[in-house]
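Colleague: requesting a structural model of the entry that follows:
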Amino acid sequence: MPPKKSNIQSPKSSRSSIPKGQHRQSERIATASVGLSNPPGTPKIDKTNSNTEEMIDVEQLSKKPSDVKKVNKDTCPCGKSSGGQCWVLACSQCKQSWHQACVGLKVELDKDTVNSLMRSWQCPWCFTCPYTKPDSHPSTKCAKSIQEKVFVTSTVQGIIDSVTAENSKLAAMISHLEDRLGSVSSDIDSIHGIQNAISERVVKIADLETHLQHQIMSQAALDQKMKSLQLALSEIQENVTKFSEHTPTHSHSTSSAAPSQIPVNSGASDLPEHNLEATSGIKEEFITEELSERLIEFLDTISFKAENGHSVTAFGSPYKYTGSQTPEEPEPVPELLKPLLEQVNNLQKDIHIGKYPDSVRFNRAHPQINSILINKYNGPEAFLPKHSDNEESIHPESHIFTLSLGAECKLDFDCKTSSSNQPPISMSCPPRSLYEMSRKSQEIFTHEIKPGSTEAGTRYSLTFRSVNRWNKNSCCIIGDSNTGSLHFGCDKRKTFGEMMPGQRFWAPKIETIEPSICCSYNNVVIMCGTNDVRQRSVNGPRDVESIYQMYVDKLTEIRKFNSKCRIFVCPILPTKTQRVVK
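Modeller: Now for the predicted structure:
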């Protein structure tokens, strides 16, 4: 019976038959895979290390998984050809082919030995050793080391994954908290803004309450004084009536002219002597050329609204006058003009302290320049109509300052009356000059720029004023020592308060009243005459009538200086002189 075909490829260099004497030796060689030399014609194998792991192809291990080709059972896993230099063995279990050298058979084999070996031979993939390897064996140590490293690696990786997940959650929570924090910050800012607004309103309300209480107390004191004055007036009227019975020719004038109802003749055209001037002077080169150029460059970029003979615009507090074309709510003062406004305010402060030194004593602030009216004149055809800056909103003790830029012009001043001692005045306004007028002078003088008075080119004038609605309450008190306890200022307990600007002027007798000081005030209160009636020379109705006529003349002169003011005459107070009282 012919033998079965073997699944063994013999090397070309192996002998076709083996002598009988060597047969058993070959079987011993097949069972012992170590300690013998390589048969002739077989590849040389490194004998320095008997560990079969050294036979693993290093090149195969170094390759990436994507680079290693799928193993074919008909070829050795090494993927190489032995060139017929060694046997190719087939596993009895998985049928995988292996080179003799690749499985560690380092002996020379013949065909019969190989046939016998293949009946139950298992390749390295299928063979499992039935004996436990000792702990000291290198492979055991290596396996344990690998297991420990794998365990540590997997544990660390698990921790990393857990920490990464927690970090992601924390990052999401932090992002959410940041959004909430931003929203809370915005809400806090809004709350602070509301709190500040409420605080300001509370302060204003408290100030108003304090001022109202002060006004109530002042009103009560004035009412009490008024009652006393009315009683004194009644007594004086009774005495005047008694005197008039003995002097019938003068009965009409004495009985119809109570001190609080003195008739005033304001039709006279000539003014009494005074020290008011149309202008307080002019300061040339008030600003530098560099600043002048910057101001003109700025003014060339803003818009103006046409008015009678020129065009206008305004910044700061609103200022209205007859025919005004300025905005109802002007824009705030630009940054470029703020230093100039401060410079003018310092000038106003020095003037006010010099004229009214008591303002420092009673904490009376100087008039604050807060309004800038800008006029634009285009060439000689432009003009400014004749007028006076006598609006009630202008502070009565302030000055009006005008800065000229660009083309030069001529300004004309004239007195409102036909007085011969006040001839018209003309004044040139060169570029960069500042001229000033007192608010008081506006009750007497007018000013204008006539057509043809401006040189060719563009001229700008910046007029600085102190305006406030409280200035309508302005008041001057003229009187003797009975007015000594009345003061104007900002102290709400010791003065009339900032809502009533004014001055108190000393006049011990009627003849000492200076009518021109009443200019610019909307209210004039006179408490004078006690020292006149208590004189030894006053002995009868004729003397009283003379004092009364002196009073009328003074009031007439006041009306000539200030035709729009309201005049309040307090009855003559009682005196300790029993002769006068009787």
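
Colleague: what's the helix or strand for the residue most central in space within the chain?
Modeller: The structure's the chain has its C-alpha centroid closest to residue 193; by CA atoms, centre = their mean the separation is 12.2 Å. Taking DSSP states H and E as the definition, residue 193 sits inside helix 138-246.

Colleague: and that helix, what's its mean pLDDT?
Modeller: Averaging pLDDT along helix 138-246 gives 80.

Colleague: now swap in stretch 366-376 and tell me
Modeller: 95.

Colleague: now do it: distance to the chain's middle.
Modeller: Its chain's C-alpha centre and that of stretch 366-376 lie 25 Å apart, by CA atoms, centre = their mean, to the nearest Å.

Colleague: dump it to CSV, restricted to CA.
Modeller: In CSV, the C-alpha atoms belonging to stretch 366-376 read as follows (Å, rounded to 0.1, in the frame of the first residue of the first chain):
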residue,chain,number,x,y,z
HIS,A,366,-20.0,134.6,43.8
PRO,A,367,-22.2,134.5,40.7
GLN,A,368,-21.3,131.4,38.7
ILE,A,369,-20.8,132.0,34.9
ASN,A,370,-22.6,129.0,33.4
SER,A,371,-24.0,130.2,30.0
ILE,A,372,-22.2,130.9,26.7
LEU,A,373,-24.0,132.6,23.9
ILE,A,374,-22.1,132.6,20.6
ASN,A,375,-22.9,135.1,17.8
LYS,A,376,-21.5,134.8,14.3
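
Colleague: ranges for the helices of the stretch 351-500 of the chain?
Modeller: Secondary structure of the stretch 351-500 of the chain, counting by DSSP state H, counting those that start in this stretch: helices at 358-361.

Colleague: what mean pLDDT does stretch 88-104 have?
Modeller: Per-residue scores along stretch 88-104 average to 89.

Colleague: what's the end-to-end length of it?
Modeller: End-to-end distance for stretch 88-104: 12 Å, by CA to CA, to the nearest Å.

Colleague: counting by contacts, list what the helix holding residue 193 packs against.
Modeller: Applying 3 or more CB pairs under 8 Å, 6 or more residues apart in numbering; DSSP states H and E, one finds that helix 138-246 contacts helix 251-255, helix 541-561. Quick note: C-beta positions are derived from backbone N, CA and C, even for glycine.

Colleague: give me that answer again for 10 Å
Modeller: Applying 3 or more CB pairs under 10 Å, 6 or more residues apart in numbering; DSSP states H and E, we find helix 138-246 packed against helix 251-255, helix 541-561, helix 578-581.

Colleague: looking at those helices, which is closest to residue 154?
Modeller: Between residue 154 and the helices and strands packed on helix 138-246, the shortest gap by CB to CB is with helix 541-561, which sits at 107.5 Å.

Colleague: tell me the buried residues in the one helix or strand residue 112 maps to?
Modeller: Using DSSP H and E, residue 112 falls within helix 111-118. Using 16 or more other CB atoms under 10 Å as the test for burial, helix 111-118 gives 111, 113-114, 116-118.

Colleague: and it, what's its mean pLDDT?
Modeller: Rounded mean pLDDT across helix 111-118 is 84.

Colleague: alpha carbons of that helix, as CSV, please.
Modeller: Provided in CSV are the C-alpha atoms of helix 111-118 (Å, rounded to 0.1, in the frame of the first residue of the first chain):
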residue,chain,number,x,y,z
LYS,A,111,11.5,13.0,6.6
ASP,A,112,10.5,10.1,8.8
THR,A,113,11.2,12.0,11.9
VAL,A,114,9.2,14.8,10.6
ASN,A,115,6.3,12.5,9.6
SER,A,116,6.3,11.0,13.1
LEU,A,117,6.5,14.4,14.7
MET,A,118,3.6,15.9,12.8
